[in-house]
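Q: Starting from these lines, generate the structure:
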Amino acid sequence: MRNLIRNCIYQGKNMLRDFSFSFWSLLYPIILVSFFNIAFSGMIDMKLENIDVGIGENSSIEHILEEIEFINIHKINEKEIIEKLDNEEIHGFIDDNLDIQVKKSGINQTIIKEIVEQIKQMQRLNRPIENYDFEIDYIVDRNQKANSIIVVFYSLIAMVSTYGTSAGIVTVSLIQANLSNIGARISITPLKKESFLLAGIIVALLLNLAANGVLLLFIKYILKIELFNEIKYSSILIIIGNLFGVSLGVFIGASNKKTMNTKVLMGVAITLFLSFLSGMMGPWVKVLIDQYVPILAKINPISIISNNLYRINLLQSTKTVGSGILILSAYCLALISISYVFLRRKSYDSI
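A: Numbers count the residues shown, from 1 in each chain. You can find the predicted model right below:
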């Protein structure tokens, strides 16, 4: 136990002295999330605003539109329609035949179209129009569209939680005689590789978790973005995501004879590719994956983390959390076990 603590202290000091570790694990995620916030500013927590709708002087649906709180009615004649639309004084015009005239497409124009479609449907069914609540569905639709942008932030958090990959690679390099002077010394001493490797995994996990904590505090208190409503399961997912990242780094470090820089590039490439598939570059990627290759979302570790963070915090659903944690745990166990086998087989003709 004493040796394990001593190894943890040594490796902790070693990683903290490494500027690249501090930059990529702590500073880079903060820079990245700040750019994301600027890019998506105004699209998060979007609220339903008033929609300006033009109608004729004697429109038959005036009394219906008056009951919808977010609709502003403008009575105009046919000569003014084009001018009002060009000047964006109205978002759309509804004529007596319930046909819609718009200048451009957008959320407001879509909502106007949906309202008109509901009016037509109620008329065809001969049902009293006052029985229908036109506000509920459209508010949900718009807020759900805004929430899809949040997927990008959850994917970013999932990606950052795997940034222990670099620390895992460094940990393995320290016990390989052909990659570091320290590894050469360890190889000719009674010091057990298992103890040194375990200490490296613990240190990498704790330091990356600390960096994640700084990032989450930055998002909540500086950027004022509220992402987490369910703390327990979110914390478990982030912790196990960190463990997966470290395990992946250990596996990359132990499984090949490439240089240190090449291994780090391999780790970066893998995490970026998995993050791309999880929707970090845009929600449309996630939609395409779910539609055409749904199995990828179920086995991609970063997708597992981001999808579950989204479900438990925005949809209040914990249905897939258990299976997600089980799959991630299996990945970690498999990667560490295989890495240990690789490390035990290593021998050197000379050091």
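Q: helix or strand right after the host helix or strand of residue 211?
A: Under the criterion of DSSP states H and E, residue 211 resides in helix 193-217. Counting by DSSP H and E, the next helix or strand C-terminal to helix 193-217 is helix 231-255.
Q: What's the end-to-end length of stretch 50-68?
A: 10 Å (Cα to Cα, to the nearest Å).
Q: circling back to that earlier point, which other helices and strands does the helix holding residue 211 contact?
A: helix 2-16, helix 28-39, helix 136-161, helix 164-173, helix 231-255, helix 321-345 (3 or more Cβ pairs under 8 Å, 6 or more residues apart in numbering; DSSP states H and E). C-beta coordinates here come from the backbone N, C-alpha and C atoms, glycine included.
Q: Show me which of the ones you listed has the highest average neighbour count.
A: Across the helices and strands packed on helix 193-217, averaging neighbours per residue (mean count of other Cβ atoms under 10 Å) puts helix 164-173 on top, at a mean of 27.
Q: Could you find the closest non-adjacent residue to residue 200?
A: Leaving out its chain neighbours, the residue that sits closest to residue 200 by Cβ to Cβ, 6 or more residues apart in numbering is residue 171, at 2.9 Å.
Q: In this structure the one you found contacts residue 193, no?
A: No. Shown here, residue 171 and residue 193 do not form a contact pair, counting by Cβ atoms under 8 Å, at 10.8 Å.
Q: Going by mean pLDDT, which of the helices and strands packed on helix 193-217 comes out lowest?
A: Among these, helix 136-161 has the lowest mean pLDDT, at a mean of 66.
Q: Need the contact partners of stretch 310-326.
A: 147, 150-151, 154, 227-230, 233-234, 236-237, 240, 304-305, 307-308 (Cβ atoms under 8 Å, 6 or more residues apart in numbering).
Q: Out of the helices and strands packed on helix 193-217, the one nearest residue 96 is which?
A: Within the helices and strands packed on helix 193-217, the stretch nearest residue 96 is helix 136-161; the backing value is 23.2 Å (Cβ to Cβ).
Q: coming back round to it: OK, contacts around the residue nearest to residue 200?
A: 11, 197, 200, 201, 203, 204, 246, 249, 250, 253.
Q: repeat for residue 101
A: 81, 85, 92, 93, 95.
Q: Spell out the secondary structure type for residue 89.
A: Of the three states, residue 89 takes coil according to DSSP: H, G, I helix; E, B strand; the rest coil.
Q: Against residue 74, how distant is it?
A: The spacing between residue 89 and residue 74, counted by Cβ to Cβ, to the nearest Å, is 7 Å.
Q: Quick check: nearest residue in space to residue 285, chain neighbours excluded?
A: Per Cβ to Cβ, 6+ apart, closest to residue 285 is residue 279, 5.0 Å.
Q: if I look at the residue positioned nearest the centre of the chain, how far off is residue 317?
A: Nearest to the geometric centre of the chain sits residue 155, at 1.8 Å (Cα atoms, centre = their mean). Between residue 155 and residue 317 the computed distance is 18 Å (Cβ to Cβ).
Q: ok, the residue at the greatest distance from the centre of the chain - contacts?
A: Ranked by distance from the centre of the chain (Cα atoms, centre = their mean), the top residue is residue 58, with 49.9 Å. When contacts are counted by Cβ under 8 Å, 6+ apart, residue 58 touches residue 96.
Q: Which pair of the contacts of residue 171 spans the longest distance?
A: 203 and 253 (14.6 Å).
Q: Which neighbours do residue 89 and residue 74 have in common?
A: Contacts common to residue 89 and residue 74, judged by Cβ under 8 Å, 6+ apart, are residue 52.
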